[in-house]
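A.B. asks: predicted model follows, preceded by the sequence.
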Amino acid sequence: AADKMNLIPQDFFAELCEQIIQHLNHKIPGVNTAELCQRIQTSGIEINVADLAKIANIISFLFSTAARNKLSTEELVTTLGNAVSVLPKHAVQVIRHVWNEQGTAITVSEDARNMATVGQFVDIKWKLGVAMSSDTCRSLKYPYVTVTLKVADPSGQITDKSFEMTIPQFKNFFKQFKEMAAVLETV
């Protein structure tokens, strides 16, 4: 991962670190590595989402471990000193700066973070479609609903989960949401 970290320009790496800190502080639901990766690729850097996600997980682990151990900026940099031969110099500088500016805020909320073991809902998108035909049936005219859920997993990685439903399935799905809303009204 260190060789891939070397490829990431300092400004993008700083943005990644800032997003990770914001996620650890519960200010954002997760780090959108797919969107950041696309922007890095647009700038001409060859990196894939899986590699960027690994880097994000490493940095997240680094920051959360530093928070758990209540490390000062100097203690963190000293600890990283053993890995300086592995980590690019610009990465250590960015980590130092971001931790110095925002790292102490994590220490308070880290206990709550350790309890989060399920994903967090970020967004939902849907569309209505009609299947016109298939290789086995010339005239289907079969309506369906496609739903895409954007979810941040416990590590903060944002992923899309898509599924299709028939109209009866969608009506059942909708009915269950109405039931949840009714129960929430009583709380």
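C.D. replies: Looks like it arrived, so ask away.
A.B. asks: so which residues of the chain form helices?
C.D. replies: All helices of the chain, identified by DSSP state H, fall at 2-7, 10-24, 33-42, 49-68, 73-81, 89-98, 104-115, 167-186.
A.B. asks: in the protein, where is pLDDT below threshold?
C.D. replies: The chain contains residues with pLDDT under 70 at 1-2, 82-85, 107-118, 154-155.
A.B. asks: excluding residues flanking it in the chain, which one is nearest the most centrally placed residue in the chain?
C.D. replies: Against the mean C-alpha coordinate of the chain, by Cα atoms, centre = their mean, the closest residue is Q157 at 2.5 Å. Take Q157 and drop its neighbours on the chain: the residue closest to it by Cβ to Cβ, 6 or more residues apart in numbering is A53, 5.6 Å away. In this view, the C-beta of every residue, glycine as well, is placed from N, C-alpha and C.
A.B. asks: which one in the protein is furthest away from the centre?
C.D. replies: Taking Cα atoms, centre = their mean, the residue of the chain most remote from its mean C-alpha position is R138, at 41.9 Å.
A.B. asks: domain map for the protein?
C.D. replies: 1-116, 120-185 (the TED database).
A.B. asks: can you tell me which of those domains is most buried?
C.D. replies: Stretch with highest mean neighbour count among the domains of the chain: domain 1-116 (a mean of 17; mean count of other Cβ atoms under 10 Å).
A.B. asks: returning to what we had before: check contacts around the residue nearest to the centre of the chain.
C.D. replies: Counting by Cβ atoms under 8 Å, 6 or more residues apart in numbering, Q157 touches G30, V31, T33, A53, A56, N57.
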